[in-house]
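Trainee: Got a predicted structure plus its sequence, pasted below:
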Amino acid sequence: MASSSKSKRIYDVFLSFRGTEVRHNFLGHLNKALVQNGIYTFIDSEELRKGDQISPALMKAIEESCIAIIIFSEDYASSRWCLEELEKIMECKEQKDLTVLPLFYKMDPREVRGGRQSYKRALANQESKFGKDSEKVKRWKKALSDAGSLSGWHLNDG
């Protein structure tokens, strides 16, 4: 079964991130370096997020990737879209052997896995929208904890 799921892989790397500062600084350099080395990446466009639900094409891109790099930044958890992406990424890690590489950009990795500071505020905001006992928010918290516990890179500079 693993070989059949790997044969459907289109992208080498799916890049998950939040914010224009990340997009125009660190992510731009990372993507350029990957592409220059022949690595085919998927980066969603800023225009993709206009609807209420995460695009089925975006979910499919996650499924069709070999590796997901999650760039956790201060406001990553404030985005419902990012949390939906993260949940799907962690699901694919378990079910499709997706390799997940977290990158902690200008933040402490403990904030992601422990729900501290900006992540705690963002999750409280999500709970106010979806309900304190929302299954969706519980799944997002688990995905953040699991992804934040993976070995990754901690970058303080862009």
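Mentor: All right, it came through fine.
Trainee: Only C-alpha atoms from now on, for both contacts and neighbour counts.
Mentor: Fine.
Trainee: Show me the strands in the protein, by range?
Mentor: Using DSSP state E, the strands found in the chain span residues 11-16, 41-43, 65-72, 99-105, 153-155.
Trainee: Out of the ones you listed, which one sits most buried?
Mentor: Mean neighbours per residue, mean count of other C-alpha atoms under 10 Å, is largest over those for strand 65-72, with a mean of 24.
Trainee: Sheet partners, orientation included, of that strand?
Mentor: strand 11-16 (parallel), strand 99-105 (parallel) (DSSP bridges).
Trainee: Only C-alpha atoms, please: export the lengthiest helix in the chain in PDB.
Mentor: In the chain, ranked by residue count with DSSP state H as the criterion, the top helix is helix 80-96. Extracted C-alpha coordinates of helix 80-96, given in PDB (Å, rounded to 0.1, in the frame of the first residue of the first chain):
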ATOM      1  CA  ARG A  80      -8.100  28.600  10.600                       C
ATOM      2  CA  TRP A  81      -6.600  27.800   7.200                       C
ATOM      3  CA  CYS A  82      -3.200  27.000   8.700                       C
ATOM      4  CA  LEU A  83      -4.800  24.800  11.400                       C
ATOM      5  CA  GLU A  84      -6.800  22.900   8.800                       C
ATOM      6  CA  GLU A  85      -3.600  22.400   6.700                       C
ATOM      7  CA  LEU A  86      -1.700  21.300   9.800                       C
ATOM      8  CA  GLU A  87      -4.400  18.800  10.700                       C
ATOM      9  CA  LYS A  88      -4.300  17.300   7.200                       C
ATOM     10  CA  ILE A  89      -0.500  17.300   7.200                       C
ATOM     11  CA  MET A  90      -0.400  15.300  10.500                       C
ATOM     12  CA  GLU A  91      -3.100  13.000   9.200                       C
ATOM     13  CA  CYS A  92      -1.000  12.300   6.100                       C
ATOM     14  CA  LYS A  93       2.100  11.800   8.300                       C
ATOM     15  CA  GLU A  94       0.200   8.900  10.000                       C
ATOM     16  CA  GLN A  95      -1.700   7.500   7.100                       C
ATOM     17  CA  LYS A  96       0.500   8.100   4.000                       C
END
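Trainee: Done for today, thanks.
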